[in-house]
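Novice: no sequence for this one, just the structure:
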């Protein structure tokens, strides 16, 4: 059954003065502008001169002198980039100049002859991969050259005239415990209660699922519907389901969209727990701009993904997603190109109604919806403030399922709704969307870059004609310029080799989904990413086979390079660059091997460390002073004086009251003690939450996830200054090497299973 308010549409004012204003047109002018034409002519002439200078053929000595001078000048200018925008632009152009010189040299001086097909075909394939990544490099430079930084915008005026907000929490197979945390936090959002309505959109309890032919599955769906209905009633949330599971997440949300009437819609994934201030930080933007359709905020994750967990980097360096949410999205925002990311976003109902709700032609409904609305002149805002806490995939196979879906969706958009031909977009918006979509072709170029040196070391093919002097003149300056440029633009968000590692780990498995999408772009089916999974014991992932094979081949390639260096002294100038290339690929492959050898992971909920005074109260009036040492969605860890051990070992459930601070009120809930352990002279107590009523559930959700100040501090602790290329390489190696011992011990068994056609 569906429980929902009337579907009657009610138009409410978005500020305290006037009713909802008619949307203002996009400020860009569509009229002929002499100034605009002259600007474009000047830009094209400047670009032509830039390219001509980069392509100018000079001797090796002059080339080295130019590259060194340019890099030094860029380094000096970069020191003033924070104060002068033009210094930042010039720095980027100077470093790009070195890369352009490399690319022109690569095109004119390294390609095999056309009549030598054995070398020419793989040589052209490698060049095509470089060319595609080079186009991405250029569009990325444009996107992030001047990122926009915004502050929260609180709603203004009389709260009686603030917009109403519907909170949609779509769910498919998440368990009730996870949903309870998200729902409790959603009803705790700091916003007038008469203007806030929370909906659980359950696609796991549809009529279609409860009446399916499989009796066990049907019974499970009916039980799920009953359980979640009771949960929603307890938390004062509206439970909503539908007849059939059509069009996946987009269909689920669109069904709710037709049954509700809020002025704004807040979308939250089932595992994305909001802070109390998410609407206070975002609604004001909609009051200020009647042409705004979206305010997107970052996805902040409280648990490590498989790469971070298996390499132990979660608390030592920025996560992969932080580069997107704190570097790329602010860059997109500069050009009105920030797009909807599926959750942690507020959208305007009027805009969605104009395009018939959330788009569903592709499985990436979020970006597709933003593309449609941007093309109609609506505007977007990106607020770089973590206002939700979510979960990342815990196992490597669930990680691949998620990334395969993203890859398929973006390729679908590229093929079916290519931004270069989409009417209504500005030129900057076209480049922004193109850059985003091109990235998801990494599955093509990353394996080629990784394995290409094997063509020479194992088979003697010369697909990249280079010698040691040219390597020093063009390749080394290009590598240094690219590394410097990455650090300059992404700051503390990107560390050397880790982005490449993520691409490598995804490439082999994602490529199958990508190729299937290219062949049949309308065929992909939305697959939900599993969360809350565990790894019961150390061992190789079922998807580890390609990474074991690649590591073996690269080790063989290094041995072949050593053999060629010893046997063919006349070819040493060509062998050395190949050996360096192979060695870097091998280091990357070892990192991949350390990731797909998954470590035991059984904790269901991540803990946040803290130090807060609290009091435990028992039914007989006894009170104990404790210190809350850590907290998770399921319970707390406390430090207590050892003399209270006997009292705490009783089965009675005490009441925990966490003392108020300047920024947070006191919090009270029942707890169930399940662990007592002496550590030195202190008793460490583990307790699960045992809420007595709805108020306890809401208060604990508010305490654990309600304040994002701690999240900002956590992110800042990880964002130390990014290391140099060699410093990053050293850090990468130090994270990988300690984990290779267990990998090598397990490798013979994995190889045997591969040879017998079984998963490792």
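Specialist: That came in fine, so what should we check first? In this text, all values refer to a predicted model and were calculated from it rather than measured experimentally.
Novice: could you use CA atoms for every contact and neighbour count after this?
Specialist: OK.
Novice: in the longest strand anywhere in the chain, what's buried?
Specialist: The strand of greatest length in the chain, counted in residues with DSSP state E as the criterion, is given as strand 667-679. The neighbour-count check on strand 667-679 (16 or more other Cα atoms under 10 Å) flags 667, 668, 669, 670, 671, 672, 673, 676 as buried.
Novice: could you redo those as a markdown table and give each row distance to residue 328 and pLDDT?
Specialist: As requested, these are arranged in a markdown table below (distance: Cα to Cα, whole Å; pLDDT from 0 to 100):
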| residue | distance to residue 328 | pLDDT |
| --- | --- | --- |
| 667 | 38 | 82 |
| 668 | 41 | 87 |
| 669 | 41 | 87 |
| 670 | 43 | 88 |
| 671 | 43 | 89 |
| 672 | 44 | 89 |
| 673 | 45 | 89 |
| 676 | 46 | 89 |
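Novice: now those as CSV including distance to residue 656?
Specialist: As requested, those are arranged in CSV below (distance: Cα to Cα, whole Å):
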residue, distance to residue 656
667, 8
668, 6
669, 5
670, 6
671, 7
672, 10
673, 11
676, 16
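Novice: which residues touch whichever helix or strand comes after the longest strand of the chain?
Specialist: Moving toward the C-terminus from strand 667-679, the next helix or strand (DSSP states H and E) is strand 682-689. Applying Cα atoms under 8 Å, 6 or more residues apart in numbering, the external contacts of strand 682-689 come out as 634-642, 645, 669-678.
Novice: ends of stretch 472-480, how far apart?
Specialist: 11 Å (Cα to Cα, to the nearest Å).
Novice: and the next helix or strand past the helix ranked longest in the chain?
Specialist: Scanning the chain for the longest helix, with DSSP state H as the assignment, gives helix 117-144. Next along the chain after helix 117-144, taking DSSP H and E as the criterion, comes strand 165-171.
Novice: direction included, what does that following strand pair up with?
Specialist: Here the strand partners of strand 165-171, with direction, are listed using DSSP bridges: strand 196-202 (parallel), strand 264-267 (parallel).
Novice: same question for it, mean pLDDT?
Specialist: For strand 165-171, the per-residue pLDDT values average out at 97.
Novice: what does stretch 626-635 give?
Specialist: Mean predicted confidence for stretch 626-635 is 84.
Novice: next one: stretch 388-400
Specialist: With pLDDT averaged residue by residue, stretch 388-400 scores 91.
Novice: distance between the ends of it?
Specialist: Between where stretch 388-400 begins and where it ends, there is a gap of 23 Å, by Cα to Cα.
Novice: before we move on, back to that, what does the longest strand of the chain rub up against?
Specialist: By Cα under 8 Å, 6+ apart, the residues outside strand 667-679 that reach it are 635, 642, 645, 648-649, 651-660, 683-692, 696-697, 699-700, 703.
Novice: so the residue of the chain most remote from its centre, which of the three states?
Specialist: Seen from the C-alpha centroid of the chain, the residue lying at the greatest distance (Cα atoms, centre = their mean) is residue 620, 49.9 Å away. Under the three-state scheme (DSSP: H, G, I helix; E, B strand; the rest coil), the conformation of residue 620 reads as coil.
Novice: phi and psi next, for residue 89.
Specialist: Dihedral angles phi and psi of residue 89 (degrees, to the nearest 10) take the values phi -60, psi -50.
Novice: with residue 638 instead?
Specialist: Its backbone dihedrals place residue 638 at phi -130, psi 150, with angles given as degrees, to the nearest 10.
Novice: excluding sequence neighbours, find me the nearest residue to it.
Specialist: Ranked by Cα to Cα, 6 or more residues apart in numbering and with sequence neighbours excluded, the top spatial neighbour of residue 638 is residue 628, at 4.5 Å.
Novice: do the same with residue 581
Specialist: Looking at residue 581 with Cα to Cα, 6+ apart, the closest residue is residue 453, at 6.6 Å.
Novice: does the residue nearest the centre of the chain lie in a helix or a strand, and which?
Specialist: Most central in the chain under Cα atoms, centre = their mean is residue 321, positioned 3.3 Å from the mean C-alpha point. Using DSSP H and E, residue 321 sits in helix 320-323.
Novice: name the residues that touch that helix?
Specialist: 490, 493, 494, 498, 499.
Novice: where does the stretch 1-150 of the chain have low pLDDT?
Specialist: Low-confidence segments of the stretch 1-150 of the chain, defined by pLDDT under 70, are located at 1-44, 46-51, 53, 81-85.
Novice: then the stretch 451-600 of the chain?
Specialist: 526-534.
Novice: quick one, strands of it?
Specialist: 539-540, 597-598 (DSSP state E, counting those that start in this stretch).
Novice: who does the first one pair up with?
Specialist: Translated: strand 539-540. Note on strand 539-540: by DSSP bridges, its sheet partners are strand 597-598 (antiparallel).
Novice: chain center to the strand it pairs with, what's the gap?
Specialist: 21 Å (Cα atoms, centre = their mean, to the nearest Å).
Novice: contacting residues around it?
Specialist: Applying Cα under 8 Å, 6+ apart, the contact partners of strand 597-598 are 306, 310, 395, 396, 535, 538, 539, 540, 541, 544, 743.
Novice: what sits against the last one?
Specialist: Read it as residue 743. Shown here is residue 743, whose contacts under the criterion Cα under 8 Å, 6+ apart are 593, 594, 597.
Novice: the longest strand of the chain pairs with which strands?
Specialist: When pairs are called by DSSP bridges, strand 667-679 turns out to pair with strand 655-658 (antiparallel), strand 682-689 (antiparallel).
Novice: how about those strands, which one is nearest residue 560?
Specialist: Judged by Cα to Cα, the one of the strands paired with strand 667-679 that comes nearest to residue 560 is strand 682-689, at 55.7 Å.
Novice: show me what the next helix or strand after that closest one is packed against.
Specialist: The C-terminal neighbour of strand 682-689 among helices and strands, as given by DSSP H and E, is helix 694-705. Using 3 or more Cα pairs under 8 Å, 6 or more residues apart in numbering; DSSP states H and E as the contact definition, the elements that helix 694-705 packs against are helix 176-187, strand 667-679.
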